[in-house]
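# here are the coordinates; sequence isn't available:
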């Protein structure tokens, strides 16, 4: 292990997915599966905001799909 690796700060990890680390130079490393992306802190913050916006859009989409499902009729008879 290199000295610089021991100085990296782990910001977040998810088992089986990946993690986010901060290098002493200020570079963020985002690793998901076999893909790693290195970026400055401002770019990482913008990326996180973009992901939050995408999640909100997905939630709206899911709600719209649910509202379009036919309502289940009651099986009760009078």
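Happy to help now that I have it. The shown structure was predicted, so the numbers you read here are calculated from the model rather than taken from an experiment. Numbering: from 1, shown residues only.

# quick one: secondary structure of the residue positioned nearest the centre of the chain?
In the chain, the C-alpha nearest the mean C-alpha coordinate belongs to residue 51, at 6.1 Å (C-alpha atoms, centre = their mean). Here residue 51 is recorded as helix under DSSP: H, G, I helix; E, B strand; the rest coil.

# I'd like the distance between it and residue 60.
15 Å (C-beta to C-beta, to the nearest Å). Heads up, the C-betas are built off the backbone N, CA and C, glycines and all.

# what's downstream of the worst-scoring helix or strand of the chain on mean pLDDT, the next helix or strand?
Taking mean pLDDT, DSSP states H and E as the measure, the chain has helix 3-6 as its least confident helix or strand, at a mean of 59. Once helix 3-6 ends, the next helix or strand along the chain (criterion: DSSP states H and E) is strand 9-14.

# hmm, who's touching that following strand?
Contacting residues not belonging to strand 9-14 are listed as 19-22, 28 [C-beta atoms under 8 Å, 6 or more residues apart in numbering].

# among those, name the ones in strands.
Of the contacts of strand 9-14, the ones assigned to strands by DSSP state E are 19-22, 28.

# what sits closest to residue 31 if chain neighbours are left out?
When the adjacent residues along the chain are set aside, residue 31 lies closest to residue 18, with 4.1 Å between them (C-beta to C-beta, 6 or more residues apart in numbering).

# list the beta-bridge partners for the one you found.
Listed beta-bridge partners, residue 18: residue 14, residue 32 (assigned using DSSP bridges).

# my guess is it contacts residue 30. True?
Yes: counting by C-beta atoms under 8 Å, residue 18 touches residue 30, with 7.3 Å between them.

# got a pLDDT number for residue 40?
Turning to residue 40, the model gives it a pLDDT of 98.

# the chain should start at 622 in everything you say after this.
Done: numbering now begins at 622, and the last item shifts to residue 661.

# ok, now which ones touch it?
Applying C-beta under 8 Å, 6+ apart, the residues contacting residue 661 are 647-649.

# could you export these to CSV, including columns for neighbour count, pLDDT and distance to residue 677?
Output for the contacts of residue 661, formatted as CSV (neighbours: other C-beta atoms under 10 Å; pLDDT from 0 to 100; distance: C-beta to C-beta, whole Å):
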residue, neighbour count, pLDDT, distance to residue 677
647, 9, 95, 29
648, 15, 97, 28
649, 20, 98, 23
